[in-house]
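Student: sharing a model that was predicted from the sequence below.
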Amino acid sequence: MHILNPRHSPLHRLTVLIGLVLGIVILGGCVPAAHAEQRLRLATTTSTENSGLLAAIHPSFERAHGVVIDVIAVGSGKALELGDNGDVDVVLVHDPDAEAAFVASGAGVDRRAVMYNDFVIVGPPADPAAVGAARNAAQAFALIASRAQAFVSRGDKSGTHVKELALWQAAGVTPSGPWYFSTGQAMGPVLLMSTDKQAYTLTDRGTWIAYHNKLALKLLHQGDPSLHNPYHVIAINPQRHPHVQSALAHAYADFLVSAEGQALIAGFKIENEQLFVPNAGAP
C-alpha cells in the first residue's frame, strides 16, 4: 500500500506557498527607507522644459544619484514663489533682479550662474511694423505700438514677461488696446498663438529654435545687448524650510556648473544650433 508523504500533499504545498508569500511581504516591509527612491523638486522656467534641454541633461544626474527630478515648469516669478513657500528644493530661473531679491530675503542660497542665451523678437514674415529695420529692441517695440500691430504677451510674470515690460518702458509705451494680447501662457503656447494671429512676440532663443519649424513667423530682431538672458540655479534655504532636500539641491547645482553639466548644456543642439551657452563662474 502506497502511503502519501505529507510533504507531497496539496495542502502542504499550499501552506509552503502561503508562507513564502508572507515572508516576501514581511521582508519587503523591512527594506530600509534609505533604499526608497529619492525625488528632487525643481521649479524652472518653461524655456528650459519646452526647448528639451532638461530631458537632455537630467538623466545623467538621475543615474549618478539614484534620484528622480520632478520638474515644475512655470514662469520665473511663479518658480521663485514656489521656492519662497518651500514647495520645491531648488530653482533654475532667468530673472536676475527677482533672483537677487529672492536671495536677499533669505529664501534662497548659493545662487550660481549656469548658462545664458538671448531674447529675440519674432513676428509676421511681412513685418508690417518694420521691426527688422529698428536700431534696437526698444525702437522695435515702439514701432509695433505706433502702428497698433498685434502683439502677444506671456503676461505671467516670467523672466520673458519681465524683459518685455522693461522694453515697453524703454520705448515709452504702456501697452493696451485691441492689438495687445496678454495671455498668462507659457512660451510655447504664446508662439503658437502668435502664428495664428500673425502677431509679434518676444521669445527666448531656445524656445524659438525648438518651435520655429511649427510656426509661420520670422525672426526679425536680435543681437541687442539689452536682450541678454542669463540663467541661475538657487537652492532653497533649509534654515527657512527644514524639510527641503538641501544636500540633493546643492548636488544638483554642483552638477549644472560642473565640467560634465556644462558640456551637456553646450552639446544640446537642434538642427545644429546651440540653444544655451554655459557660463558657470560668471558674476
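Tutor: Looks like it arrived, so ask away. Residues are numbered from 1 along each chain as shown.

Student: can you give me the helices in the stretch 151-283 of the chain?
Tutor: 159-171, 187-197, 205-211, 246-257, 259-267 (DSSP state H, counting those that start in this stretch).

Student: and E271, how far is that from T160?
Tutor: Separation of E271 from T160 (C-beta to C-beta, to the nearest Å) stands at 22 Å. No exception for glycine: its C-beta is placed from N, CA and C like everyone else's.

Student: the two: who's more crowded?
Tutor: T160 (28 against 8; other C-beta atoms under 10 Å).

Student: contacting residues for A282?
Tutor: Counting by C-beta atoms under 8 Å, 6 or more residues apart in numbering, A282 makes contact with A113, Y116, P230.

Student: from the residues you listed, which land in strands?
Tutor: In this view, the contacts of A282 that belong to strands under DSSP state E are A113, Y116, P230.

Student: picking up where we left off before, and the helices of the stretch 151-283 of the chain as TSV, adding distance to D95 and mean pLDDT?
Tutor: Output for the helices of the stretch 151-283 of the chain, formatted as TSV (distance: least, C-beta to C-beta, whole Å; pLDDT from 0 to 100):
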stretch	distance to D95	mean pLDDT
helix 159-171	4	97
helix 187-197	14	96
helix 205-211	16	93
helix 246-257	17	98
helix 259-267	19	98
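
Student: which of these sits most buried?
Tutor: Counting by mean count of other C-beta atoms under 10 Å, helix 205-211 has the highest mean neighbour count of those, with a mean of 23.

Student: so what touches that helix?
Tutor: Outside helix 205-211, the residues touching it (C-beta under 8 Å, 6+ apart) are 46-48, 50-53, 117-120, 122, 187-188, 191-192, 219, 222, 229, 270-271, 273, 275-276.

Student: buried subset of these?
Tutor: 46-48, 50-53, 117-120, 122, 187-188, 191-192, 229, 270, 275-276 (16 or more other C-beta atoms under 10 Å).

Student: show me those residues that map onto strands.
Tutor: Going by DSSP E, the strands hold N117, D118, F119, V120, V122, N229, I270 from the buried ones among the contacts of helix 205-211.

Student: closest to V257 among the residues you listed?
Tutor: Ranked by distance to V257 (C-beta to C-beta), those are led by N117 at 16.8 Å.

Student: point out where the stretch 1-150 of the chain drops to low pLDDT.
Tutor: Where the stretch 1-150 of the chain drops to pLDDT under 70, the residues are 1-36.

Student: that one: strands as residue ranges?
Tutor: 38-45, 67-74, 90-93, 108-123 (DSSP state E, counting those that start in this stretch).

Student: just the C-alpha atoms of the third one, please, in PDB.
Tutor: I take that to be strand 90-93. Taking Å, rounded to 0.1, in the frame of the first residue of the first chain, the C-alpha atoms of strand 90-93 are listed here in PDB:
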ATOM      1  CA  VAL A  90      15.800  74.200  -6.000                       C
ATOM      2  CA  VAL A  91      15.000  76.700  -8.700                       C
ATOM      3  CA  LEU A  92      16.600  77.300 -12.200                       C
ATOM      4  CA  VAL A  93      15.300  80.700 -13.400                       C
END
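
Student: which helices and strands does that strand pack with?
Tutor: Contacts defined by 3 or more C-beta pairs under 8 Å, 6 or more residues apart in numbering; DSSP states H and E place strand 90-93 against strand 38-45, helix 76-84, strand 228-236, helix 246-257.

Student: so for L165, which of the ones you listed sits nearest?
Tutor: Among the helices and strands packed on strand 90-93, helix 76-84 sits nearest to L165 (C-beta to C-beta), with 11.4 Å.

Student: for the nearest residue to Q198 once chain neighbours are set aside, the count of nearby residues, please.
Tutor: Closest residue in space to Q198, ignoring its immediate chain neighbours: P124 at 4.4 Å, by C-beta to C-beta, 6 or more residues apart in numbering. By the measure other C-beta under 10 Å, the count of residues near P124 is 20.

Student: likewise for A100?
Tutor: By other C-beta under 10 Å, the residues close to A100 number 13.

Student: okay then, goodbye and thanks.
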